[in-house]
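Engineer: With the input below, show me the fold.
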Amino acid sequence: MVGKNLNPQAQQFTGWQSNGDANVTNPFSLNTTLILHAPNPTVQYAGDVNLSLRTPSQIHLVDITIHSFVNWITAADFANVTICSSPTSCPFTNLRNGATVNLQSNTTYEFKGYPSSGYHVKQWTTNSVSIANSTLSTAQIYVQTSGIVSLIVQGEGLGAGYFNAPPMSSQTIFSASADIIVPYLNNSNYDGDSVWVGIGGFGISSSLWQAGFEVANGNIVAFWEAKPANSSGSIVPNSTMTIVPGNVLLVSVSTFAGTSNATVTNLNTSEVWKISDKFTPSTVSADWIVEPKSMAPFGLGQTVLFESLTVNQAPPSLEGCFVAAFSTVGSHHVLFPTLLYEGIGDEVYFSVT
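Structural biologist: You can find the predicted model right below:
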């Protein structure tokens, strides 16, 4: 084994180059087989070893907080996480949403997701350097700095979008937005499904401020709605704004000092609808939702694309996002969101089909 990539100024080892049985697990650690030859050439001893080369400053504890899937209606979590430092050692088990653990920096850990019955791992995300197997139930995560590891879980027959839930980070939401590409309709008389951006709605008793568009008797109509806690609201439509399939709508919502505002802008026609209401929603979540209301939303196979997501006028952290769950009641069609993706300039986007 030969140390490579020496820094000529600091003469500090920064990585391994391996051959044969050696297995690099992270930049500071090497698993290999050590063979000891005795003076008698017919006698030798072999064993698996882990070689680590880190300076004292590189070995310290960091805080890792677990985020797991939460039902946006009940605020209940549906998964726990186990963290293993080796195949035979798992020092942290049954970690629930919001749990914080101390892990060693510059070390690779195995994170195992255990969703409740009827759910499966959708996506792992982390802001603590790197991750492998991000869509499998077990992920290899290289921990370097304090941060968040998020387990996004999808329920079979549930899910129509994402929400950013800052109860985990104590962040207050005052604005949210997205560009939404309006889907095509297979049925000119189609009636149902709403697509919206919102603030609040996290928890069964949470108030919600939302704006977006819905399909009513084959017409695509912009709307806003204020839903008080423990009560239903009334949708306020705009019957004059022209929206057709393929249009891109910029939907923005905000709240401040007892007044909530919303703007729906058709980026294709430059038509703008602005709304203001004396209403205060819950400020613990931002939401991007396709809400199912009928058998075939927008016609089977149609896709709703959410682009350029923002929270408080900045791209949301993937580590703070979770699948939003809607129970399939009656004849509601099953909707599935894709993974969350980061594009150019930290743009976050996803789609629902």
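
Engineer: okay, now the domains of the chain?
Structural biologist: 2-56, 60-154, 159-352 (automatic domain parsing).

Engineer: which stretch in the ones you listed is the model least sure about?
Structural biologist: Mean pLDDT is lowest for domain 2-56 among the domains of the chain, at a mean of 52.

Engineer: for G345, phi and psi?
Structural biologist: phi 70, psi 30 (degrees, to the nearest 10).

Engineer: Not counting residues beside it along the chain, what's closest to it?
Structural biologist: Counting by CB to CB, 6 or more residues apart in numbering, P315 is the residue found nearest to G345 once chain neighbours are left out, at 7.9 Å. C-betas here are computed from N, CA, C, even on glycine.

Engineer: Just confirm that neighbour contacts L309, I think it does.
Structural biologist: Yes. In this structure, P315 is within contact of L309 by CB atoms under 8 Å, at 6.6 Å.

Engineer: Common neighbours of the two, please.
Structural biologist: Residues touching both P315 and L309 by CB atoms under 8 Å, 6 or more residues apart in numbering: E347, V348.

Engineer: if you count what's nearby, which of those two comes out ahead?
Structural biologist: L309 (24 against 16; other CB atoms under 10 Å).

Engineer: Using PDB, write out every CA atom in the helix or strand containing the more buried one.
Structural biologist: Using DSSP states H and E, L309 sits within strand 304-311. Only the C-alpha atoms of strand 304-311 are listed here, as PDB (Å, rounded to 0.1, in the frame of the first residue of the first chain):
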ATOM      1  CA  VAL A 304     -47.600  18.000 -13.300                       C
ATOM      2  CA  LEU A 305     -44.100  19.500 -13.100                       C
ATOM      3  CA  PHE A 306     -43.000  21.800 -10.200                       C
ATOM      4  CA  GLU A 307     -39.900  23.800 -10.900                       C
ATOM      5  CA  SER A 308     -37.800  26.500  -9.200                       C
ATOM      6  CA  LEU A 309     -39.200  25.700  -5.700                       C
ATOM      7  CA  THR A 310     -38.500  28.400  -3.100                       C
ATOM      8  CA  VAL A 311     -39.000  28.800   0.600                       C
END
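
Engineer: That strand packs against which elements?
Structural biologist: Here strand 304-311 touches strand 175-181, strand 286-291, strand 348-352, going by 3 or more CB pairs under 8 Å, 6 or more residues apart in numbering; DSSP states H and E.

Engineer: so what's F223 up against?
Structural biologist: F223 touches S194, W196, A211, G212, F213, E214, I235, V236, P237, N238, counting by CB under 8 Å, 6+ apart.

Engineer: what do you get for S117?
Structural biologist: Contacts for S117 (CB under 8 Å, 6+ apart) come out as none.

Engineer: Make sure it is indeed in a helix.
Structural biologist: No. Assessed with DSSP: H, G, I helix; E, B strand; the rest coil, S117 is coil; it does not lie in a helix.

Engineer: Quick one: name whatever helix or strand follows the helix or strand where V195 lies.
Structural biologist: In this structure, V195 sits in strand 192-200 according to DSSP H and E. On the C-terminal side of strand 192-200, the closest following helix or strand by DSSP H and E is strand 208-216.

Engineer: Which strands or helices does that next one pack on?
Structural biologist: By 3+ CB pairs under 8 Å, 6+ apart, strand 208-216 packs against strand 192-200, strand 219-227, strand 248-256, strand 259-266, strand 286-291.
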